[in-house]
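1. A predicted structure for the sequence below; I have some questions about it.
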Amino acid sequence: MANKQLLSLARRSHKPPSSFTVVRSSSSAAEEFIKPPPPTAMIYDRIAHSLKSKLQKLEKPDIRFLKYGSPHPTQSSHTHILSLPETKITTLPNGLRVATESTSNSRTATVGLWIDAGSRFESDETNGTAHFLERMIFKGTEKRRSEEEIENMGGHLNGYTCREETAYYAKVMGNGVLKAVDILADMLQNSKLEEGCISRERDAILREVQAGEHTEEAVFDHLHSTAFQYSPLGRSIHGAVANIKTISTEHLHHYIHTHYTTPRMVLAASGAVKHDQIVEKANKLFTKLSSDSTTAKEPATFTGSEVRIINDYVPLAKFAIAFEATSSTDPDSIALMVMREMLGSWNKNAGGGKHMGSELAQRVSINGIAESMMAFSTNYKDTGLFGVYAVAKPDCLGDLSFAIMSAITKLAYRVSEDDVIRARNQLKSSLMLHTDGTSPVAEDIGRQLLTYGRRIPIAELFARIDAVDPSTIKRVANRYFYDRDIAISAIGPIKELPDYNWFRRRTYWNRY
Amino acid sequence: MSSFLQSLLDPKKSWLASLHMKTLTNRLRKYGLRYDDLYDPYYDLDIKEALNRLPREIVDARNQRLKRAIDLSMKHEYLPEDLQKMQTPFRSYLQDMLALVKKENAEREALGALPLYQRTIP
């Protein structure tokens, strides 16, 4: 009895031992006191206990956080944003089209000229004139120095040359729009193009050509030059070095005279602009350009081919694989845009990481086989390119090529509804997010008028995108990817990149 | 049906299950291991991911227990008796995290995405 009381007293005063002391007892009676330590004795047990309670909280997630998120892509209605401001288009008697979209709440505007002339319209001897001319036009006219005048107003003057179009545009405050139109008209019609400026510009261009040998644009230039070999789309925009050295004032004037003609130009403006004012000004100013509407264009032919420039001294390999795609006016171009979104793009800074929607991006990121990858789909007047561009370390090129080709060919066999809905939503939002601001809108107007002849209303564009479903994707993929020739261009340490026959074999599967 | 199986496997309800648990307790206690220490991260990558997510102290304690057991096994010894009495073989630290990892992987697969890791045969 007393023993029992003693034992119970001892048990009650038994404190839990600290982490490093051990209850040892030499007497045999005290051995019964050795028990497993309680769960709060050791620090790892305490931490495990608190972790258990935290994990149990995860079993019942807070509904507030799950209310709007869903892992399943859904088709939603966009009718409330489809009523955007209307684009007003007027065709002047000399053929020039003036198109404006005025948003009444903006205080800035972009006005520019989009011209249906580019490096495609040159010949082998004159290759490089379009780009040279675009650089020279900014250098000054007989009356004034254009860049200075725009900068005095606080605006920006910019221009670019593509293979099929050239653009000059100015971003100005709302009250400077008419002056900007004046300056643009002057630039195009009265440019001085004097010899001294030409030679300085020539050196600058030659330096740029040299510096840009390992960039992304170089891969795409090589891709075009091999895919469209012996055809005008294959020529690079800045031209061959020999041509750059021999371009002179008459070449440039001749180019203006033959290609900068009013039926091939669109004066586009967006922002704080009024359509009638701009039409009036354009009527008065654009008088010295010829109204010849011939666009002498050679057809472009696609040749399945490859160009590889091996260079083991750079750290990363860059390559692009392309199929021949549709022209921009073909209805299947929308399906190709959706397929481009399905393949997606990824780089190491992407927020989605390993959890992106596209299977190709997941495969690339989970296995770490590329530094970045991007699917592209470009359309020209009668042809186009669709493919994937990737930058990778030299040792994983085989795995990366396998992933790319299996993702592209899979589009002809197995397409899930979820992927298509997700790609459609991504395409719609990327189109809308891109035309966000006066300059992108003006560019959009100019390009659409040049390629389609009209501005496609957003409602129609969304309807066309929604019409793309899995069977359309499979049909379009069968038409453009299944067992078709490809063009490959690669630069860098590309020894392990598989050969052309390897890629060509993987444009179809024998499983089905 | 599953509740019948659960009652077969529950040590509190089935004599056979409690005998199994007692046997395991005795064996684990002799080497000073816990049941969760026997889960091998090389066998299942989910276990590796769960161990990666556990706090450092828990994983350190697991590794020390494993080192102690390996040492005892090499010397053909068991843990001293007084330490054996303090062992708690079925105190778990891994089961909840492992269940969470498996649930996340199952959800990812159900949504049709590629798995984050796959077992490769070395």
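-> That came in fine, so what should we check first?
2. residues in contact with residue 49?
-> The chain I'm using is chain A. Neighbouring residues of residue A:49 by C-beta atoms under 8 Å, 6 or more residues apart in numbering or on different chains: A:39, A:40. In short, each C-beta sits where N, CA and C put it, glycine included.
3. Actually, chain B is the one I wanted.
-> Neighbours of residue B:49 in contact, by C-beta under 8 Å, 6+ apart: B:101, B:117.
4. can you map out the strands along chain A?
-> Here chain A has its strands, by DSSP state E, at A:88-91, A:97-102, A:108-115, A:156-161, A:166-173, A:265-271, A:305-310, A:317-325, A:345-347, A:372-379, A:384-392, A:486-492.
5. Counting by contacts, list what the last one packs against.
-> Translated: strand A:486-492. helix A:216-227, strand A:305-310, strand A:317-325, strand A:384-392, helix A:500-505 (3 or more C-beta pairs under 8 Å, 6 or more residues apart in numbering or on different chains; DSSP states H and E).
6. Provide the strand pairings for the third one, with the direction of each partner.
-> In other words, strand A:317-325. strand A:384-392 (antiparallel), strand A:486-492 (antiparallel) (DSSP bridges).
7. okay, that strand in CSV with CA atoms only?
-> Only the C-alpha atoms of strand A:317-325 are listed here, as CSV (Å, rounded to 0.1, in the frame of the first residue of the first chain):
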residue,chain,number,x,y,z
ALA,A,317,22.6,25.4,-79.7
LYS,A,318,19.7,27.2,-81.4
PHE,A,319,17.5,25.5,-84.0
ALA,A,320,14.2,25.8,-85.7
ILE,A,321,12.0,23.2,-87.5
ALA,A,322,9.3,24.5,-89.8
PHE,A,323,6.6,23.0,-92.0
GLU,A,324,5.0,24.9,-94.9
ALA,A,325,1.8,26.5,-93.7
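8. near chain A, which residues of chain B show up?
-> Contact residues, chain B versus chain A (C-beta under 8 Å from any C-beta of the partner chain): B:54-55, B:57-58, B:60-61, B:82-83, B:85-88, B:91-93, B:96-97, B:100, B:111-117.
9. Give me the buried subset of these.
-> Buried subset of the residues of chain B next to chain A (neighbour count, 16 or more other C-beta atoms under 10 Å in any protein chain shown): B:54, B:58, B:61, B:85-88, B:91, B:93, B:96-97, B:100, B:113.
10. Dump those residues to TSV, plus pLDDT and secondary structure.
-> Below are those laid out as TSV (pLDDT from 0 to 100; DSSP: H, G, I helix; E, B strand; the rest coil):
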residue	pLDDT	secondary structure
B:54	96	coil
B:58	96	helix
B:61	96	helix
B:85	91	helix
B:86	90	coil
B:87	92	coil
B:88	92	coil
B:91	92	coil
B:93	95	coil
B:96	95	helix
B:97	96	helix
B:100	96	helix
B:113	91	coil
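11. Could you find the closest non-adjacent residue to residue A:469?
-> Of all residues not flanking residue A:469 in the chain, residue A:420 sits nearest, at 6.2 Å (C-beta to C-beta, 6 or more residues apart in numbering or on different chains).
12. residue nearest the centroid of chain B?
-> The geometric centre of chain B, computed from its C-alpha atoms, lies nearest to residue B:36 (C-alpha atoms, centre = their mean), at 2.0 Å.
13. still on that earlier bit, tell me the one of the buried ones among the residues of chain B next to chain A nearest residue A:236?
-> Each of those was scored against residue A:236 by C-beta to C-beta, and residue B:113 proved nearest at 40.4 Å.
14. Go ahead and confirm the closest one touches residue A:363.
-> No: taking contacts as C-beta atoms under 8 Å, residue B:113 lies outside contact range of residue A:363: 10.4 Å.
15. quick one on the thing from earlier: if I pick the residue nearest to residue A:469, what's in contact with it?
-> Neighbouring residues of residue A:420 by C-beta under 8 Å, 6+ apart: A:338, A:342, A:468, A:469, A:470, A:473.
16. Can you give me the separation between residue A:382 and residue A:391?
-> Counting by C-beta to C-beta, to the nearest Å, the gap from residue A:382 to residue A:391 is 30 Å.
17. List the buried residues for the helix or strand hosting residue B:60?
-> Using DSSP states H and E, residue B:60 sits in helix B:56-74. Going by neighbour count (16+ other C-beta under 10 Å), the buried part of helix B:56-74 is B:58, B:59, B:61, B:62, B:65, B:66, B:69, B:72.
18. With just CA atoms, put it into CSV.
-> Taking Å, rounded to 0.1, in the frame of the first residue of the first chain, the C-alpha atoms of helix B:56-74 are listed here in CSV:
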residue,chain,number,x,y,z
ARG,B,56,15.1,18.9,-41.5
GLU,B,57,14.9,17.7,-37.9
ILE,B,58,12.7,14.8,-38.7
VAL,B,59,14.8,13.7,-41.6
ASP,B,60,18.0,14.0,-39.5
ALA,B,61,16.5,11.9,-36.7
ARG,B,62,15.4,9.3,-39.3
ASN,B,63,18.9,9.1,-40.7
GLN,B,64,20.5,8.9,-37.3
ARG,B,65,18.2,6.0,-36.3
LEU,B,66,19.1,4.2,-39.6
LYS,B,67,22.8,4.7,-39.0
ARG,B,68,22.5,3.4,-35.4
ALA,B,69,20.6,0.3,-36.7
ILE,B,70,23.2,-0.3,-39.4
ASP,B,71,25.9,-0.1,-36.9
LEU,B,72,24.2,-2.5,-34.5
SER,B,73,23.6,-4.9,-37.3
MET,B,74,27.2,-4.8,-38.4
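19. Remind me what that helix packs against, helices and strands.
-> Contacts defined by 3+ C-beta pairs under 8 Å, 6+ apart place helix B:56-74 against helix A:43-59, helix B:15-31.
20. Could you report the neighbour count for the residue in the stretch 101-250 of chain A positioned nearest to chain B?
-> Relative to chain B, the nearest point of the stretch 101-250 of chain A is residue A:216 (26.9 Å; C-beta to the nearest C-beta). A count of neighbours around residue A:216, defined by other C-beta atoms under 10 Å in any protein chain shown, yields 14.
21. surely it meets residue A:389?
-> Yes: contact between residue A:216 and residue A:389 holds when scored by C-beta under 8 Å: they sit 7.1 Å apart.
22. Residues that sit against both of those two, list them.
-> In contact with both residue A:216 and residue A:389: residue A:318, using C-beta under 8 Å, 6+ apart.
23. Touching, residue B:54 and residue B:95? I think so.
-> No: Residue B:54 sits out of contact with residue B:95 when judged by C-beta under 8 Å, with a separation of 11.4 Å.
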